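J.: Take this sequence and fold it.
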Amino acid sequence: MRAIIPDSIAARTMIVLLVGLTLSHIASTWVLSNDRHDAVFEASERLCADRVAVMARLIDKTSAEHRAQVIADLSSSLLAVSLANHPKVGEDHHDSDELPRIQAAMRPYFGEVEHRRLHVARQRANSSSGPSGIRHRLLNGFPEDQVMEVSFQLSDGGWVNFDLAMARAATLWSPHVILSTLAMAVAVLVFGAWATGWIARPLAAFAGAADRLGRDVAAPPLPEDGPREVRRAVAAFNEMQGRIRRFVEDRTQMLAAISHDLRSPITRLRLRTEVLPEGEGRDRMLADLDEMAAMVASTLDFARQDAADEPSQAIDLAATLQSICDNAADMGLAAEFDWPGRLVCSCRPLAIKRALANLVENGCRFGGHVAVRAAHHGPGIDVVIEDQGPGIPEAEMDRVFAPFFRLEGSRNRKTGGTGLGLSVARTIIRAHGGNIRLENRAEGGLRVIVSLPQDRPS
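T.: Presented below is the predicted three-dimensional model:
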């Protein structure tokens, strides 16, 4: 069912409207058709009764030598009249519904007509009874019509027999009903497309704002318009965005203040350490101070995310990756890039270069040789970085993105850095609307897959 039912609110609303109104239209047409059928048959029966009464009076008043001519003039393709010495309709074929109506029609001309003088029956036109001429004509032109058969005894004792074709029964699936249903469906589709678009437009804007918030917490608030429920949701969303922005600003200011305050004591300690006599202890203290200064600087960069204010522009990602691998090679690291041709995407160039450089350098330091490749994948670009190191335990796949987390326990910057490289990389990539995931290679080593939208303005 999920594969059949559309995924959007507008399409589902259109289906509900179309199915509901179509069923309602068919039901109302069926009711109307039944009412029309009853009305037409009632009018037809009254008309047939009046015709029988008038023609019976005319034939009864006509002399015997002129009756044959009158009967010939009255007969038509839908009416057969004949004279006989006995009734064609027997008394055992009386139609209790039609008899009172015909008696009432004849009352003004003949007074009260006794049952023995009037026999009435109604049957399908293709029944075996009745004159062959009218049966043949009705079968050709009116296969669903009914025939009213009336036998009336004249004043001289003879019988006149009438066979009248009655109105055709109305069918539900007439061309007019089909055309009206199609017209209704087209009207629902046209009006429904406009109405559902009008209803779903605020939700689409709301979804776009939510996606934009994931990339830029300082994005402008969403206008509060649309239906009441959507306005309430937008107001709550804008309030949430404001709270998140204030939280990030407070965190940045706090970390910046801590970093600024730590720089002064670190500088004083460095000055005091440098005046100490040379030796292994002095060198170790200077190394610890250098590591502390680096950690403070990295922490400040991670918190501020200065690259977030960088304007977005279209770049050749393949050229950027080649430059990163060349820089790594200049640093004595083993990194190579499989050039695929131009890979144009919209991003913040310095930020995305920093993120990818962190990943390449991380792979080179922990995995030795690194192979980088990139290619179009669906609507975006995938960058794959593979190393030949020991990989990462499955239980640690998510933890390695935590700030200051390192798999190796020491804080030696030569082996592990400050533990912010992967955190900074994921933050930048997600700010571009992309994602990053890790997986161990079957032949050994780690594979880092970065997915970026091809054209996603910030």
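J.: the strands in this protein, which residues?
T.: 79-84, 118-124, 146-153, 159-165, 313-316, 335-338, 344-347, 370-377, 380-387, 435-440, 446-453 (DSSP state E).
J.: E394 is nearest to which of these?
T.: strand 435-440 (7.5 Å; CB to CB). Every residue, glycine included, has its C-beta placed from N, CA and C.
J.: Mind listing what's buried along the closest one?
T.: For strand 435-440, burial by neighbour count (16 or more other CB atoms under 10 Å) applies to I436, L438.
J.: for it, packing partners?
T.: helix 421-431, strand 446-453 (3 or more CB pairs under 8 Å, 6 or more residues apart in numbering; DSSP states H and E).
J.: What helices and strands are in contact with the last one?
T.: Under the contact criterion of 3+ CB pairs under 8 Å, 6+ apart, the helices and strands touching strand 446-453 comprise strand 344-347, helix 349-367, strand 380-387, strand 435-440.
J.: among the ones you listed, which is nearest L420?
T.: helix 349-367 (8.5 Å).
J.: Okay, helices next: where are they in the chain?
T.: 9-61, 64-74, 98-110, 132-141, 175-215, 228-274, 280-304, 317-330, 349-367, 421-431 (DSSP state H).
J.: how does the chain divide into domains?
T.: Split into domains by automatic domain parsing, the chain comes to 9-165, 216-304, 307-453.
J.: picking that back up, mean pLDDT, distance to L446 and mean neighbour count added to the helices of the chain, as TSV?
T.: TSV is the format used below for the helices of the chain (pLDDT from 0 to 100; distance: least, CB to CB, whole Å; neighbours: other CB atoms under 10 Å):
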stretch	mean pLDDT	distance to L446	mean neighbour count
helix 9-61	79	42	15
helix 64-74	87	104	12
helix 98-110	80	94	17
helix 132-141	43	86	15
helix 175-215	77	26	14
helix 228-274	80	30	13
helix 280-304	76	22	15
helix 317-330	90	16	18
helix 349-367	88	6	21
helix 421-431	84	11	21
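J.: Need the residues that contact stretch 193-204.
T.: For stretch 193-204, the surrounding residues in contact (CB atoms under 8 Å, 6 or more residues apart in numbering) are S8, I9, A10, A11, T13, M14, D225, G226, P227, V230, V234.
J.: quick one: furthest residue from the center of the protein?
T.: Relative to the C-alpha centroid of the chain, counting by CA atoms, centre = their mean, E65 is the outermost residue, at 81.2 Å.
J.: Now do the residue lying closest to D211 once chain neighbours are set aside against A334, distance only.
T.: Leaving aside its chain neighbours, D211 sits nearest to G433 (7.2 Å; criterion: CB to CB, 6 or more residues apart in numbering). From G433 across to A334, the span is 31 Å (CB to CB, to the nearest Å).
J.: thinking again about what came up before, would you reformat the domains of the chain as TSV and include distance to G197?
T.: Compiled in TSV, the domains of the chain are given as follows (distance: least, CB to CB, whole Å):
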stretch	distance to G197
domain 9-165	6
domain 216-304	12
domain 307-453	23
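J.: between the ones you listed, which gets nearest to M184?
T.: Comparing the domains of the chain by CB to CB, domain 9-165 comes nearest, at 5.2 Å.
J.: How far away from the center of its chain is the closest one?
T.: 55 Å (CA atoms, centre = their mean, to the nearest Å).
J.: what's the first-to-last distance across it?
T.: Length of domain 9-165, first residue to last, CA to CA, to the nearest Å: 55 Å.
J.: Comparing the strands of the chain by mean pLDDT, which bottoms out?
T.: Of all the strands of the chain, mean pLDDT reaches its minimum on strand 118-124 (a mean of 77).
J.: buried sites along that strand?
T.: L118, H119, V120, A121, R122.
J.: would you turn these into CSV with distance to P265?
T.: Converted to CSV, the buried residues of strand 118-124 look like this (distance: CB to CB, whole Å):
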residue, distance to P265
L118, 126
H119, 125
V120, 120
A121, 119
R122, 114
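J.: And A294, how far from R282?
T.: Distance from A294 to R282, by CB to CB: 19 Å.
J.: circling back to that earlier point, give the single residue among the contacts of stretch 193-204 positioned nearest to E394.
T.: S8 (37.1 Å).
J.: picking that back up, same list (the helices of the chain) but as JSON lines, adding distance to P393.
T.: Shown next, in JSON lines, are the helices of the chain (distance: least, CB to CB, whole Å):
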{"stretch": "helix 9-61", "distance to P393": "43"}
{"stretch": "helix 64-74", "distance to P393": "106"}
{"stretch": "helix 98-110", "distance to P393": "94"}
{"stretch": "helix 132-141", "distance to P393": "88"}
{"stretch": "helix 175-215", "distance to P393": "29"}
{"stretch": "helix 228-274", "distance to P393": "30"}
{"stretch": "helix 280-304", "distance to P393": "25"}
{"stretch": "helix 317-330", "distance to P393": "26"}
{"stretch": "helix 349-367", "distance to P393": "13"}
{"stretch": "helix 421-431", "distance to P393": "15"}
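J.: so which of those helices gets nearest W159?
T.: helix 9-61 (10.5 Å).
J.: and that closest one, what other elements does it pack with?
T.: Applying 3+ CB pairs under 8 Å, 6+ apart, we find helix 9-61 packed against helix 64-74, strand 79-84, helix 98-110, strand 146-153, strand 159-165, helix 175-215.
J.: For these, give me CSV that also has distance to D330.
T.: Output for the helices and strands packed on helix 9-61, formatted as CSV (distance: least, CB to CB, whole Å):
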stretch, distance to D330
helix 64-74, 116
strand 79-84, 110
helix 98-110, 109
strand 146-153, 101
strand 159-165, 103
helix 175-215, 32
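J.: Which of those sits closest to A256?
T.: A256 lies closest to helix 175-215 among the helices and strands packed on helix 9-61, at 22.6 Å (CB to CB).
J.: Distance from the closest one to the middle of the chain?
T.: With CA atoms, centre = their mean, you get 10 Å for helix 175-215.
J.: Quick check, central residue of the chain?
T.: S8 (2.7 Å).
J.: if you skip the residues just before and after it, what's nearest to that one?
T.: Per CB to CB, 6+ apart, closest to S8 is A200, 7.1 Å.
J.: before we move on, back to that, for the helices and strands packed on strand 435-440, which one sits closest to L99?
T.: Per CB to CB, nearest to L99 of the helices and strands packed on strand 435-440: strand 446-453, 84.3 Å.
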